[in-house]
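A.B. asks: next comes the sequence, and after it the predicted model I'd like to discuss.
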Amino acid sequence: MSRKNRQGRLVYSTEAGRICPGCQRPLDQCVCNDRSRPRSGGDGIVRLRRETKGRKGAGVTLVVGLPLSDPDLATLAKRLKSACGVGGTVSNGLIELQGDQRRKIQPLLEADGYTVKSAGG
């Protein structure tokens, strides 16, 4: 048995299980969404943004543009969170820290060899 979505693309097969919508392979054999590979693209500059949108006024610091794989991002996020003494998360290739932590984490990232710019309010 197989299931298709509204566009007629295969999304599930009893033989292989769930199917990747991008490459049409079983999820365990997916090549388009490999999170163990470093992310590419961007201009090589890590940007530190302060954002409150959609958070009921609570500010967060977003670290955007790191060319790291998801496991490496999680390790760096843990180190930054402990250095600042705050909570946070990793999602969609960016690190999110609670509060305005730009001044604290900029020297840490520069010490790791990244070019860092503060962006946003």
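C.D. replies: The structure has been received and is ready for your questions.
A.B. asks: which helix of this structure spans the most residues?
C.D. replies: If you go by DSSP state H, the chain has its longest helix at helix 70-84.
A.B. asks: any idea which helix or strand comes after that one?
C.D. replies: Using DSSP states H and E, the next helix or strand after helix 70-84 towards the C-terminus is strand 88-91.
A.B. asks: show me how far that following strand is from its chain's centre.
C.D. replies: Taking Cα atoms, centre = their mean, to the nearest Å, one finds strand 88-91 lying 7 Å from the centre of the chain it belongs to.
A.B. asks: ok and the next helix or strand after it relative to helix 70-84, angle-wise?
C.D. replies: On the C-terminal side of strand 88-91, the nearest following helix or strand under DSSP H and E is strand 94-98. For strand 94-98 against helix 70-84, the angle by axes from the mean of the first three to the mean of the last three Cα atoms, to 10 degrees is 20 degrees.
A.B. asks: show me the domain layout of this structure.
C.D. replies: 1-34, 45-119 (automatic domain parsing).
A.B. asks: coming back round to it: the longest helix of the chain: which residues count as buried?
C.D. replies: 70, 73, 76-77, 80-81, 84 (16 or more other Cβ atoms under 10 Å). Glycine gets a C-beta too; all of them are placed from N, C-alpha and C.
A.B. asks: can I get the CA coordinates of that helix in PDB?
C.D. replies: What follows is helix 70-84, C-alpha atoms only, in PDB (Å, rounded to 0.1, in the frame of the first residue of the first chain):
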ATOM      1  CA  ASP A  70      23.300  20.300  13.600                       C
ATOM      2  CA  PRO A  71      25.300  18.300  16.200                       C
ATOM      3  CA  ASP A  72      28.100  21.000  16.200                       C
ATOM      4  CA  LEU A  73      25.500  23.700  16.500                       C
ATOM      5  CA  ALA A  74      24.000  22.000  19.600                       C
ATOM      6  CA  THR A  75      27.500  21.800  21.200                       C
ATOM      7  CA  LEU A  76      28.200  25.500  20.500                       C
ATOM      8  CA  ALA A  77      24.700  26.400  21.800                       C
ATOM      9  CA  LYS A  78      25.300  24.500  25.000                       C
ATOM     10  CA  ARG A  79      28.600  26.400  25.500                       C
ATOM     11  CA  LEU A  80      27.100  29.800  24.800                       C
ATOM     12  CA  LYS A  81      24.100  29.100  27.100                       C
ATOM     13  CA  SER A  82      26.400  28.200  30.000                       C
ATOM     14  CA  ALA A  83      28.700  31.200  29.400                       C
ATOM     15  CA  CYS A  84      25.700  33.500  29.500                       C
END
